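*Asks:* need coordinates for the below:
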Amino acid sequence: MKKTVWIVDDDADVRDVLHTMLKILGYESREFGDARNPAQALMAGEAPDLLIVDIHIPVVNGLELLSFIRRKPRWVHMPVIILSSESEEERVEQVMRMGADGYVFKPVTIEELEMAIRSASQRRRAVAAQ
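*Replies:* Numbers count the residues shown, from 1 in each chain. Below you'll find the predicted structure:
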């Protein structure tokens, strides 16, 4: 069975590109334009194998979604990768301290995405094992 990745980004073009990359890499994906619907799906018992979240999404931003996920023990194993055009080192460090397992810059290449997924999954397994 293919692993599922949820993409949360308000830009439909970004979601489409990520969907295509993930398909090439062997993943199924589900796309969301804001954080409310994935949060509701999580609360209803659904969960992806990995979550890719843009920082700047309307209503509830990506960092708020990350914080919501990291406060719930049942999602401790879920890797979260933050996607952003922000490349300042302080911002990346802040996001990683908040519990992100990876941080990729827009525009992302398929090689960068594959590496981020592998690294995030390894990091989350190590964190969850503690």
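*Asks:* distance-wise, check A129 relative to A100.
*Replies:* 18 Å (CB to CB, to the nearest Å). Glycine gets a C-beta too; all of them are placed from N, C-alpha and C.
*Asks:* also V14?
*Replies:* On the measure of CB to CB, V14 and A100 end up 18 Å apart.
*Asks:* more neighbours, these two?
*Replies:* A100 (25 against 18; other CB atoms under 10 Å).
*Asks:* and the contacts of the helix or strand hosting P38?
*Replies:* Taking DSSP states H and E as the criterion, P38 maps to helix 36-43. Helix 36-43 is contacted from outside by 6, 8, 32, 51, 59-60, 65, 68-69, 72, 75, using CB atoms under 8 Å, 6 or more residues apart in numbering.
*Asks:* how long is stretch 94-101 end to end?
*Replies:* 12 Å (CA to CA, to the nearest Å).
*Asks:* in the protein, mark out all the helices, start to finish.
*Replies:* With DSSP state H, the ranges of helices along the chain come out as 12-24, 36-43, 62-70, 89-97, 110-129.
*Asks:* dump these into TSV; add mean pLDDT and distance to P79 as well.
*Replies:* TSV is the format used below for the helices of the chain (pLDDT from 0 to 100; distance: least, CB to CB, whole Å):
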stretch	mean pLDDT	distance to P79
helix 12-24	98	14
helix 36-43	94	14
helix 62-70	95	10
helix 89-97	95	13
helix 110-129	93	4
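*Asks:* just those: most buried one?
*Replies:* helix 62-70 (a mean of 19; mean count of other CB atoms under 10 Å).
*Asks:* off-centre distance for it?
*Replies:* Helix 62-70 sits 10 Å away from the centroid of its parent chain (CA atoms, centre = their mean, to the nearest Å).
*Asks:* remind me what that helix packs against, helices and strands.
*Replies:* helix 36-43, strand 50-54, strand 80-84 (3 or more CB pairs under 8 Å, 6 or more residues apart in numbering; DSSP states H and E).
*Asks:* now the ones you listed in a markdown table, with distance to L25?
*Replies:* Converted to a markdown table, the helices and strands packed on helix 62-70 look like this (distance: least, CB to CB, whole Å):
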| stretch | distance to L25 |
| --- | --- |
| helix 36-43 | 20 |
| strand 50-54 | 11 |
| strand 80-84 | 13 |
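*Asks:* sweet, I'm off.
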